[in-house]
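Colleague: coordinates for the following, if possible.
(2 chains)
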Amino acid sequence: MKKSPRMIAIGLMVALAGTACAQQGQDSAADADWPSGETMKLIVGYGAGGTTDTMARSLAKQLEKKLDVQIQVENQEGAGGQRAYTELATAKPDGLTLGTLNYPTIITTMVDKSKGATYTLDDFQPLANHVNDPRVTIVRPDSQFKTAKDLVSHAKKNPLKLKGATSGLSGGGHFSMIKLEQATGADFAPVHFNEGQADAKAAFLGGHVDVYFASIGDGLEVIKAGKGRALGMADDERSPLLPDAPTFKEQGIDIQESGMRGYALPAGVPQERVDKLATALKEIIDGPKHKEELAKLSLQPDFMGPKEYTDWLKKQMPEVKKINEKSKNDE
Amino acid sequence: MDFAQLLGGFTAVLTPENLLLVLAGCLLGTLIGVLPGVGPVAGTAILIPLTMGLDPAGAIIMLAAIFYGSQYGGTITSVLINTPGEAASAITCIDGYQMTKQGRSGVALGTAAIGSFIGGTIATIGLALAAGPLSSLGLKIGPPEFFGLMVLGMSLLVGLAGKSMTRALISAGLGLLLAMVGIDPVEGQPRFTFGVVHFFDGIEFVAVLVGLFGLGEILAGLLERRTGTPTAKVGRLLPRGQDFRDSRGAIGRGSVIGFVLGLIPGMTGSASSLLAYGAERKFARNRDRLGSGAIEGVASPESANNAHANSALIPLFTLGIPGSPTVAVLMGAFLMNGLTPGPTLFQTDPHVAWAVIASLFIGNLVCLVLNLPLIRIWTMFLKVPRPLLMVIILVFLVVGSYSINNSTVDVLVMFIFGIVGLFFRRLDIPLAPLVLTLILGPFMERSLRESLDMSVGDFSIFFTRPISLALIVIAVVILLTPLVRFLRRAKSKPGSFAEQVREDAEV
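Modeller: Numbers count the residues shown, from 1 in each chain, chains lettered A, B, ... in the order given. Here you go, the predicted structure:
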């Protein structure tokens, strides 16, 4: 099956050779040192300077060295990453365009028909997961709430009185809020900052909201500077980045919600290229030097390869669909 | 704050290498600003790799220089060829280009350079002296206050209207409509995109502005069969006499507006320069001449966007919050160099922090010293014979609009809005209201939705918070003043509306 387009490609190459218009072909000779010398594009679904952006840029820097390529980072923020996913899904599947995949938004935009997404998971070739960024619930240091239980029981007795900042409707912060509500019966008033974390953080620090449903990547600096208190981490274990912050689980509230951030190619990229990129990514992400670098960005690495990552994303779909339905009726 | 540390910063910056970096950064930034389409955000991001080999302080110093160099560079094309190099300088086209037509391009650019220097320096003093308290001031502006500010901004429309309110509203309405195109920022639903994926990102407003101003002007000149090089006269560079007296107030007002707005997370330089321009309508000596080549129309927005650029660093340094998209890119550069901007920066890397602050002072000065003599060189552009000049500008416009997103759709948008711009000129519809609504519209929508989230749908949130209430009241007063004046006169001296208007014109 794969032979015939390749033959056509080689035929075209021969035809083009005379014009000195040396487009990169698909023949294996040229593929041997692919992508060396190429210019790649990395589409980031969130604004410059945000967690996803700095994560992607730190990786891009190393990938450039490793593969001898130029990487242009392109920020396509807005609509919870959907703009970027749309662009990625329709990009040329030559392996030179990759984009960030952020769980849960990549799934929510697919399972929620009203978003009018023009892509499904089949339009992507998931490449590698990069970091696991658990959600953390933060209140101000002078807050009356000392534990997750305090917060929850107040929010239960006073529905819609506590304002909770999220980084966007049906985003990870919002999901952690809903999971907390479902597990405990609490009821928060969500305030969605769809332009990303910087606005949510500013609103929290300015006292315009009561609770900040952040990720560690965004909340760590706030907590370390003494401007916020972590009440609960939505993960099974405490984070090595924030060992003093208790999990929800150890306080008897069994919820998990992590921002999983990785990369995908558009579907249809030749398998050799997928493997080549995935191997390079694995070497970088699993390297000790990168772990240190990520820690500076308040992130923890968690590599998954193409197969494992695809399966993991598929597995999340049913639950995300359920939570998402809930999130849309959440006022 | 700590003067010893600031002095330490100066000592660190005043090495030959660092000065060279500042110089190179300012020059590169100016070039980026000159290219229409490539604004400070894209420009700074593109040039990040250039700084990779440098030590952290050097890298940040150079990027910061690129950053405010580009703020200044955008002015040059606005003034000389009516084409905004970047969004924050769009409003400068209106009076800046009129000044060029009057043979006063030199003083327009000179005043812009001086205003930029003063605005930038005032903001940097604020950063050095009182970054902490100032940033907590900025945080007081939550979504409802932001919305109030945007209502106030929109009310300045009345001032920008010029002769006919109807025409101004046509222009403003079109701007708002354009601002609505794209994926809805709250629910993620595509609006008015006609299924064109490119418009999911919204219509690229820089392409719109470049078309309306730049191409519109060329087409109008073509139709009017303008010949010769009427704009070759440059005039003197430094504002003297009347110009000096007129511009110093405007520079002061612009600097203050830009400085204050820069403290607010989420505000952009283009919003600052627009609001500064709008304020001139109320406060400038020559407010009646605004729009036809008043120096205040250049001085104020240019001071504002540079003050904004520098004061937007305050929330970054003290809170780790990037105040505007360009600062976000700069923040990325900090992180890539292993520095975490935020409250801990002054503890973990104080010498880098203070070196950067010191470099801002020096960078602003270098930009001024560099740009004043360069004005003569830039303005030589105008000596090119008209037919050739127009072709060169056209090339600039096409390349510039293409390079925003590397997309031909943006080139098409630029051409379409060039034709729209021509119609605007023929029908005497002002461009300023469109710029205002196109840029402020999305901010207004976003802050409205966020505020209503906060209040669970209750509109009273805008009237129960003192800052937002005050802003809205000021906006209402601005909107109603002309009406009240009109009604009072109508009562005392009955007459037709046309007579009233004629009287107004005489007064």
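
Colleague: what's the burial count for residue 55?
Modeller: Unless you meant another one, I'm taking chain A. Using other C-beta atoms under 10 Å in any protein chain shown, A:M55 is surrounded by 26 other residues. For glycine as for every other residue, the C-beta is placed from the backbone atoms N, C-alpha and C.

Colleague: should've been chain B
Modeller: Residues lying near B:D55 (other C-beta under 10 Å) number 13.

Colleague: next: B:Y402.
Modeller: Neighbour count for B:Y402, taken as other C-beta under 10 Å: 17.

Colleague: ramachandran coordinates for it?
Modeller: Here the main-chain torsion angles of B:Y402 (degrees, to the nearest 10) amount to phi -60, psi -40.

Colleague: same question for A:L160.
Modeller: Per-residue torsions, A:L160: phi 60, psi 20 (degrees, to the nearest 10).

Colleague: list the contacts for it?
Modeller: A:L160 sits next to A:D187, A:F188, A:A189, A:E331, B:V456 when contact means C-beta atoms under 8 Å, 6 or more residues apart in numbering or on different chains.

Colleague: now the first one: how far from chain B?
Modeller: When C-beta to the nearest C-beta, to the nearest Å is the yardstick, A:D187 and chain B sit 11 Å from each other.

Colleague: one step back: out of the contacts of A:L160, which one has the lowest pLDDT?
Modeller: In this model, the minimum pLDDT among these belongs to A:E331 (54).

Colleague: how many residues are close by the nearest residue to B:G278 once chain neighbours are set aside?
Modeller: Once flanking residues are discounted, B:G278 sits nearest to B:L156: 3.0 Å by C-beta to C-beta, 6 or more residues apart in numbering or on different chains. B:L156 has 25 neighbours, counted by other C-beta under 10 Å.

Colleague: B:L156 contacts B:P433, correct?
Modeller: No: if you go by C-beta atoms under 8 Å, B:L156 and B:P433 don't touch, sitting 9.5 Å apart.

Colleague: near chain B, which residues of the stretch 101-250 of chain A?
Modeller: In this structure, the stretch 101-250 of chain A approaches chain B at residues A:109, A:114-116, A:118, A:160, A:163, A:169, A:189-195, A:198-199, A:201-203, A:205-209, A:221, A:224-225, A:227, judged by C-beta under 8 Å from any C-beta of the partner chain.

Colleague: what sits up against stretch B:353-367?
Modeller: Residues from elsewhere that reach stretch B:353-367 (C-beta under 8 Å, 6+ apart): B:5-6, B:8-10, B:12-14, B:18-19, B:22-23, B:25-26, B:29-30, B:57, B:60-61, B:64-65, B:68-69, B:72, B:113, B:116-117, B:120-121, B:124, B:127-128, B:306, B:310, B:313, B:317, B:345-346.

Colleague: just the buried residues of those residues.
Modeller: If you count burial by 16 or more other C-beta atoms under 10 Å in any protein chain shown, the buried members of those come out as B:5-6, B:8-10, B:12-13, B:18-19, B:22-23, B:25-26, B:29-30, B:57, B:60-61, B:64-65, B:68-69, B:72, B:113, B:116-117, B:120-121, B:124, B:127-128, B:306, B:310, B:313, B:317, B:345-346.

Colleague: you'd agree A:G185 is up against A:S153?
Modeller: No: the pair A:G185 / A:S153 is not scored as a contact, 9.5 Å apart, by C-beta under 8 Å.

Colleague: so for those two, which residue has more residues nearby?
Modeller: A:S153 (15 against 12).
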